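Q: sharing a model that was predicted from the sequence below.
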Amino acid sequence: MERCAVRGIGQTKHDTAREDVSIAGLVREAAQRALDDAGYGWSDIDAVVLGKAPDMFEGVMMPELYLADALGATGKPLLRVHTAGSVGGSTAVVAAHHVQSGLYERVLTVAFEKQSESNAMWALAPKIPFQPTLVAGAGGYFAPHIREYIRRAGAPDHIGIEVAVKDRLNALKNPYAHLRMPDISFEKVAESPMLWDPIRFLECCPSSDGACAMVLTNEKNSRKDSAWVHGTAVRSEPLGMAGRDEVNPRAGVDCAKDLYGQAGITDPRDQIDVIEMYVPFSWYEPMWLENLGFAPHGTGWQDTDKGVTALDGALPVNPSGGVLSSNPIGASGMVRFGEAAQQVRGRAGDYQVELKTGKALGHAYGGGSQFFSMWVVGRDKPE
Amino acid sequence: MRDVAVVSFAQSPSVRREPARNEVEILMPVVAEAVERSKIKDRIGFTCSGSCDYLAGQPFAFVWGLEAIGAWPPIRESHVETDGAWALYEAWVLLQEGEIDAALVYGFGKSSPGSLRDVLALQLDPYYLTPLWIDSISMAALQARALLDAGKATEQDMAEVAARSRKDARGNPNAQIAKDQSADDILSEPYIASPLRRSDCAPISDGAAAVVLAAGDAARAATSRPAWIRGIDHRVEPHYPGVRDLTTSPSTAKAAEAAGASRDKIDVAELLAPFTHQELILRDALGLAKPNGTKINPSGGALAANPMMAAGLIRIGEAASRIMSGDADRALAHATSGPCLQQNLVAVLEGE
């Protein structure tokens, strides 16, 4: 297998409505920044891999066709990936395979969502004949899972609030973040309206317009400041299977196990410096800490409570501000993957964490906690 | 390049309207048949599918597809929001790495819930083209007109493609339209979007298809005569019809070159041409304008059955079936996506 390196990363300023750009303008902004970072022009790219979540979010069917021109894809392979909310991550995984297979040397991968073109909550709540309607938006779907986590772990009510405050404070250091709330406080989150018990308004991710892009290369085309891919993994499980554990999904556990095996990680808590994790509702931080093997079952919330996951903690989670601060859905996974790579490159600016092992985890999930994609990136070249 | 082959293929019959079964119910028996036939279920290490939310009119159509295949324990899986032929490409890329030995690929689509020609207008640039509501047939008609005006084809040529395809489809039990109709009869039909007549257009279909890919020994364990993929490549062209020469298909030519299509004689070519004139454009791009012994679309092609998101994968499956049965030694399969053949994939398959 060829080694794969992350040579360039770019993202847009995320916002409620990027009315200054078209959809093409949005993806172009991220892609151009990734190319600039890589020191490449459009003609240096061999293939383009594009990801985004449901097409109904913008009302454009198979938008890769319309975006071919903006992505400089003429005459090249252009592959479109869609795996629900995990898509930003799985798109990067597919792009990495394009390099690792030895088929391509320089691949541009891009993920985006321009949610202001439609209403994401209702796009996720379709009325299908002869099927019960789901619920109004993702929060209504995930709230019972969170309640069950709280019951199992015996976690106190304030944990979700702490995550929300931490991530919004981190976002103040990130110039690309959508939500910037300098006056964020425990009281402010606690007093915000309860939307889907126990999820308060300020414990939810925003709806964002945004895009992220990366240039992945083989070893020959890597540079000194490239991040290295140490492992990639994806896992999926059925939504409707009776008896599956939505709180601690086996797909997430299996995905992490596969990933750690590839990256030579036996104790993730010791061997990973920083996690960029997909946390669309605050309580998912402790839930995924357990699912990913960073904390024993029922104890993830204690890490949050003790400040372990803070920017200056022993295991920083979402130093960029995470999905709670910017959520262009289809791009959110790739933003996690890209932020993890920026950390090991030492390029995370004001939210750079201290590197020990020089390894970071990028994580994304989607659907009804059933699609997972992850990668481990490192400062050093893998064995 | 690692040797990877198509080792089994299954498809549903294509029908104009499947009222009683949803997409998943159409898909389930097809996947079961392809996996069963491959005899290597336990070696499948990756699953990849192609479908499109806009056909059924609901987000996450593929999530329900996942229910159909029994993804437990959790599986390594991916999905492309386009024809299953591109899902096959993604699986083929992964197989090149050597970690897994076999992959399941499927594509499915139910076009009957909506007005397909209008739904496909949503594939266009949302700012400048979709608001004009150029439906897919009118868009193809512009291309056909350009071809006629360039003197590269006649309406007679187009009618002959339609007549041949529907006639050959009589040997295809999964075809939706199969009949013996002369080119002259077709030329007497009225235009539905000049210069296209009803017979120049693919039918609207509901259907699904599945393929099992396997590498090396796994392929040999699955079947006595695997259809080895000797080359596969895909390319895209600009979106705006005004910046393309619609009478040619440079992306098909480039993909065919990368796939090594012209290295030897091709016995069978299965081309995804939803409109008669598009077959002529594709054959020109592939050096098959005069077939010289190459059988074109013996299944009847998309003009006989066109389940969106499966039709390209079916071309690969049909081509592979001819190899696996020993009827052909070397076959070419083609898939397309987007308006006026914007994106094209070419695979070259061989027996041993």
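A: That came in fine, so what should we check first?
Q: would you mind listing what in the stretch 201-350 of chain B touches chain A?
A: By CB under 8 Å from any CB of the partner chain, the part of the stretch 201-350 of chain B that sits against chain A consists of B:233-240, B:250-251, B:254, B:337-339, B:342-343. For every residue, glycine as well, the C-beta is placed using N, CA and C.
Q: these: which two are farthest apart?
A: Pairwise distances across those (CB to CB) peak at 23.5 Å, for the pair B:D233 and B:Y240.
Q: rewinding a little: now the residues of the stretch 201-350 of chain B next to chain A: which count as buried?
A: Buried subset of those (neighbour count, 16 or more other CB atoms under 10 Å in any protein chain shown): B:233-240, B:251, B:254, B:337-339, B:342-343.
Q: which member of the residues you listed is positioned nearest A:D225?
A: The nearest one, if we look at those relative to A:D225 and count by CB to CB, is B:V236, at 31.0 Å.
Q: show the contacting residues for that closest one.
A: By CB atoms under 8 Å, 6 or more residues apart in numbering or on different chains, the residues touching B:V236 are A:65, A:68, A:73-78, B:251, B:338, B:342-344.
Q: if you set the cut-off to 6 Å instead, what comes out?
A: A:A68, A:A73, A:L78, B:Q343 (CB atoms under 6 Å, 6 or more residues apart in numbering or on different chains).
Q: so what's the last one bridging to?
A: In this case it means B:Q343. As for beta bridges, B:Q343 partners with B:V236, B:S337 under DSSP bridges.
Q: report pLDDT for it.
A: Per-residue pLDDT puts B:Q343 at 98.
Q: I figured it hits B:A335, correct?
A: No: at 8.8 Å, B:Q343 does not count as touching B:A335 under the criterion of CB atoms under 6 Å.
Q: circling back: can you say which of the contacts of B:V236 are buried?
A: Of the members of the contacts of B:V236, the ones counted as buried by neighbours, 16+ other CB under 10 Å, are A:A68, A:A73, A:L78, B:Q343.
Q: one step back: which of the contacts of B:V236 fall in strands?
A: A:L78, B:Q343 (DSSP state E).
Q: now for the contacts of B:V236: which two are most distant?
A: Most distant of these, by CB to CB, are A:A73 and B:Q343, 9.2 Å apart.
Q: and the strands in chain A?
A: Using DSSP E, strands in chain A cover A:4-11, A:47-51, A:78-81, A:106-114, A:194-196, A:199-200, A:209-218, A:227-236, A:274-276, A:359-366, A:371-378.
Q: format those as CSV; extra columns: distance to chain B and mean pLDDT.
A: Shown next, in CSV, are these (distance: least, CB to the nearest CB, whole Å; pLDDT from 0 to 100):
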stretch, distance to chain B, mean pLDDT
strand A:4-11, 11, 98
strand A:47-51, 8, 98
strand A:78-81, 4, 98
strand A:106-114, 10, 98
strand A:194-196, 20, 95
strand A:199-200, 21, 98
strand A:209-218, 13, 98
strand A:227-236, 4, 98
strand A:274-276, 21, 98
strand A:359-366, 9, 97
strand A:371-378, 8, 98
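Q: of those, which is nearest B:D267?
A: Nearest to B:D267, of all the strands of chain A, is strand A:78-81, at 29.0 Å by CB to CB.
Q: can you list the residues of chain A near chain B?
A: A:1, A:54-56, A:60-62, A:65-66, A:68-69, A:73-75, A:77-78, A:80, A:82-83, A:90, A:97, A:100-101, A:123, A:126, A:128, A:234-241, A:250-251, A:254, A:367 (CB under 6 Å from any CB of the partner chain).
Q: which among the residues you listed count as buried?
A: A:54-56, A:60-62, A:65-66, A:68-69, A:73-74, A:77-78, A:80, A:82-83, A:90, A:97, A:100-101, A:123, A:126, A:234-239, A:250-251, A:254, A:367.
Q: contact partners for residue 241?
A: You didn't pick a chain, so chain A it is. A:M241 makes contact with B:W72, according to CB under 6 Å, 6+ apart.
Q: think we crossed wires, I meant chain B
A: B:C340.
Q: quick one, phi/psi of it?
A: phi -60, psi -30 (degrees, to the nearest 10).
Q: ok, it to chain A distance?
A: Using CB to the nearest CB, to the nearest Å, B:P241 is found at 12 Å from chain A.
Q: show me the helices in chain A, by range?
A: Assigned by DSSP state H, chain A shows helices spanning A:23-38, A:64-67, A:87-100, A:120-123, A:137-153, A:159-171, A:186-191, A:250-263, A:268-271, A:284-291, A:300-305, A:322-325, A:329-345.
Q: other residues contacting the second one?
A: Contacts to helix A:64-67, defined as CB under 6 Å, 6+ apart, come from residues A:A24, A:V27, A:L50, A:L78, A:R80, B:Q123, B:D125, B:H239, B:G338, B:Q342.
Q: nearest residue to the last one in space, please, no chain neighbours.
A: It refers to B:Q342. Excluding the flanking residues, the one nearest B:Q342 by CB to CB, 6 or more residues apart in numbering or on different chains is B:E237, at 5.3 Å.
Q: picking up where we left off before, distance to A:V323 added to the contacts of helix A:64-67, as TSV?
A: TSV is the format used below for the contacts of helix A:64-67 (distance: CB to CB, whole Å):
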residue	distance to A:V323
A:A24	24
A:V27	19
A:L50	20
A:L78	27
A:R80	22
B:Q123	29
B:D125	30
B:H239	31
B:G338	32
B:Q342	33
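Q: for those, which one is nearest B:L272?
A: Closest to B:L272, out of all of those and judged by CB to CB, is B:G338, at 11.6 Å.
Q: how close does the residue nearest to the closest one when sequence neighbours are not counted get to A:L78?
A: Distances taken as CB to CB, 6+ apart place A:L65 nearest to B:G338, at 4.1 Å, with adjacent residues excluded. With distances taken as CB to CB, to the nearest Å, A:L65 is found 9 Å from A:L78.
Q: and what of A:S116?
A: Distance from A:S116 to A:L78, counting by CB to CB: 25 Å.
Q: and for A:G378?
A: For A:G378, the distance to A:L78 (CB to CB) stands at 29 Å.
Q: burial count for the nearest residue to A:G59 once chain neighbours are set aside?
A: Closest residue to A:G59 apart from its sequence neighbours, by CB to CB, 6+ apart: A:S118 at 5.7 Å. The number of residues packed around A:S118, counting by other CB atoms under 10 Å in any protein chain shown, is 16.
Q: would you map the helices across chain B?
A: B:23-38, B:53-56, B:61-68, B:84-96, B:116-119, B:136-149, B:155-168, B:183-187, B:216-222, B:250-258, B:276-285, B:311-324.
Q: verify the stated contact: B:W86 with B:H79.
A: No: with contact defined as CB under 6 Å, B:W86 does not count as touching B:H79 (10.3 Å).
Q: contacting residues for A:G210?
A: By CB under 6 Å, 6+ apart, the contact set of A:G210 is A:T12, A:H14, A:P328, A:A331.
Q: quick one: the second one and chain B, what's the gap?
A: This points to A:H14. In this structure, A:H14 and chain B are 21 Å apart, going by CB to the nearest CB.
Q: from what I can see that residue touches A:H178, true?
A: Yes: using CB under 6 Å, A:H14 is in contact with A:H178, at 3.9 Å.
Q: joint contacts of those two?
A: Shared contacts of A:H14 and A:H178, defined by CB under 6 Å, 6+ apart, are found at A:S208, A:S326.
Q: more neighbours: those two, which one.
A: A:H14 (27 against 23).
Q: tell me the contacts of the more buried one?
A: Contacts of A:H14 by CB under 6 Å, 6+ apart are A:Y176, A:H178, A:S208, A:G210, A:S326, A:P328.
Q: of those, closest to B:A259?
A: The closest of those, once distances to B:A259 are taken by CB to CB, is A:P328, at 35.7 Å.
Q: number of residues surrounding B:G114?
A: By other CB under 10 Å, neighbour count at B:G114 equals 15.
Q: perfect, I'm done here.
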